[in-house]
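Student: Have a look; sequence and predicted model below, questions after that.
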Amino acid sequence: MFKNKIIRNLLILVGVIILAGGAVGLYMFNMPHRDVGATKTDYALSATDIVEEYLQDSHSANDKYLKEDGDSKILEIKGKIASISTDFNDQKVVLLKDENAKAGVTCTFTKETNQSVENLKTGQVITVKGVIRSGASYDEDLEMYENVNLEKCSLK
Amino acid sequence: MKKTILTFVILAAISISALAQSGTKLVSKKTHFKFYSHTTVEDIEAHNYKSVGTIHTGTGEIIFSVPMQSYEFEKAKMQQHYNSPKFLDTKKFPKSKLKAKITNLTDIDFNNDGSYAANIEGELTIHGVSNKISEKATITVNGSSIVLNSTLNLKLADYAIAFKDGKPSSNIAKVIEITVVSEY
């Protein structure tokens, strides 16, 4: 009788562990993407500053801003609008770049934040929050400077 | 008189070679790279809209620089796995590069509307590993717009991207398909 009780409790315990494990697994599998707009900003700086930082030493800049799991640093970039376009995913793309700068920051908005771009005009100075995905550099094959690439953007 | 003729000949030679080399280097306005992996267990897709490319209408040179962290997966966990040092190691190798040339450039008329089949040969560098590639592409000319479409089939092992065991090894195809669309 006593032995049966132990077995029963043990079975319940095993059942609970399996259920909990399954729940954690399911949660991990369906874990939502990080909400960039709602996450704390890591660095706030100007478009010119981050471009300069990358052009001077891209290795140390990548080390500072990129993360191994792809959830890289969240930046707030202030700069002057050089152009506004739309990508193949119907996302608004705002280039922040000073007239004399070699490169700028390409800010890609989302379907949810696209609307905030509608009334913006080139020449205007704005601050954009987003996640950095790649830095600025001179590419010898393209024969041009590539911009810093900021995504999941929203207007500050 | 002789000098004048010589000068004329040299000038003509220069302008002819310049003509042969003419054409322009166009920069992409928008791009889409799609990663597609098919296994019986599941199909996995990821999309990247942030690549930058150029096409030179005179030399047929095609270049793409692909920011690797810009690939978006449906599942956040999958995206983290893809970026991690175990797989693409995108912190260490933030960009991939395609450097290729159209080998049948004479078949493509960039000045006349139409759809042209292009053969492309070159080198693709992913994850710090370079391999020769030879693929087909379609170049569509419509007025001032030029669109390039291509599909690359990549063997992950060629780029030292190994899924030795666990779920990824059974759920990710050994050969994946990259679909490229670029508008210049």
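Tutor: Now that the structure is in, tell me what you want to look at.

Student: Quick check, the residue in chain A closest to chain B?
Tutor: Across chain A, no residue is closer to chain B than residue A:70, which sits at 3.2 Å (CB to the nearest CB). (C-beta placed from N, C-alpha, C; glycine too.)

Student: was I right about that residue contacting residue B:79?
Tutor: Yes. With contact defined as CB atoms under 8 Å, residue A:70 and residue B:79 form a contacting pair (5.7 Å).

Student: So these two - more neighbours on which side?
Tutor: residue A:70 (25 against 20; other CB atoms under 10 Å in any protein chain shown).

Student: give me every residue that touches that one.
Tutor: If you count contacts by CB atoms under 8 Å, 6 or more residues apart in numbering or on different chains, residue A:70 has them with B:69, B:79, B:80, B:82, B:83, B:84, B:90.

Student: Inside strands: which ones of those?
Tutor: Residues of the contacts of residue A:70 located in strands (DSSP state E): none.

Student: Would you mind giving those as JSON lines with pLDDT and distance to residue A:94 added?
Tutor: Formatted as JSON lines, these follow (pLDDT from 0 to 100; distance: CB to CB, whole Å):
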{"residue": "B:69", "pLDDT": "98", "distance to residue A:94": "19"}
{"residue": "B:79", "pLDDT": "95", "distance to residue A:94": "24"}
{"residue": "B:80", "pLDDT": "95", "distance to residue A:94": "27"}
{"residue": "B:82", "pLDDT": "93", "distance to residue A:94": "27"}
{"residue": "B:83", "pLDDT": "96", "distance to residue A:94": "25"}
{"residue": "B:84", "pLDDT": "94", "distance to residue A:94": "30"}
{"residue": "B:90", "pLDDT": "97", "distance to residue A:94": "24"}
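
Student: just the strands in chain A please.
Tutor: A:43-46, A:74-86, A:92-96, A:105-109, A:125-134, A:137-139, A:144-146, A:148-155.

Student: Turn the ones you listed into JSON lines, including mean neighbour count.
Tutor: Listed next are the strands of chain A as JSON lines, based on neighbours: other CB atoms under 10 Å in any protein chain shown:
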{"stretch": "strand A:43-46", "mean neighbour count": "16"}
{"stretch": "strand A:74-86", "mean neighbour count": "19"}
{"stretch": "strand A:92-96", "mean neighbour count": "23"}
{"stretch": "strand A:105-109", "mean neighbour count": "28"}
{"stretch": "strand A:125-134", "mean neighbour count": "22"}
{"stretch": "strand A:137-139", "mean neighbour count": "16"}
{"stretch": "strand A:144-146", "mean neighbour count": "18"}
{"stretch": "strand A:148-155", "mean neighbour count": "24"}
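
Student: What residues does chain A have near chain B?
Tutor: Residues of chain A lying near chain B by CB under 8 Å from any CB of the partner chain: A:28-34, A:62-63, A:66-72, A:85-89, A:91, A:106, A:108, A:133-135, A:139, A:141-144, A:146, A:149, A:151.

Student: and if we set it to 6 Å?
Tutor: With CB under 6 Å from any CB of the partner chain as the criterion, chain A comes near chain B at residues A:28, A:31, A:33, A:66, A:68-70, A:87-89, A:133-134, A:139, A:141-142, A:146, A:149.

Student: these two touch, right, residue A:137 and residue A:56?
Tutor: No. Using CB atoms under 6 Å as the test, residue A:137 is too far from residue A:56 to be in contact (10.9 Å).

Student: could the strands of chain A go into CSV alongside mean pLDDT?
Tutor: CSV is the format used below for the strands of chain A (pLDDT from 0 to 100):
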stretch, mean pLDDT
strand A:43-46, 98
strand A:74-86, 98
strand A:92-96, 98
strand A:105-109, 98
strand A:125-134, 98
strand A:137-139, 96
strand A:144-146, 97
strand A:148-155, 98
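
Student: Make TSV from these and add distance to residue B:95 to it.
Tutor: Listed next are the strands of chain A as TSV, based on distance: least, CB to CB, whole Å:
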stretch	distance to residue B:95
strand A:43-46	21
strand A:74-86	19
strand A:92-96	18
strand A:105-109	14
strand A:125-134	6
strand A:137-139	8
strand A:144-146	8
strand A:148-155	10
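
Student: gap between stretch B:103-122 and the chain center?
Tutor: Computed by CA atoms, centre = their mean, to the nearest Å, the separation of stretch B:103-122 from the middle of its chain amounts to 15 Å.

Student: Run the contact check for it versus chain A.
Tutor: No. Judged by CB under 6 Å from any CB, stretch B:103-122 makes no contact with chain A; its nearest approach is 10.3 Å.

Student: which of the residues in that stretch are buried?
Tutor: Buried residues in stretch B:103-122, defined by neighbour count with 16 or more other CB atoms under 10 Å in any protein chain shown: B:105, B:108, B:110, B:116, B:118, B:119, B:120, B:122.

Student: end-to-end on it?
Tutor: Length of stretch B:103-122, first residue to last, CA to CA, to the nearest Å: 10 Å.
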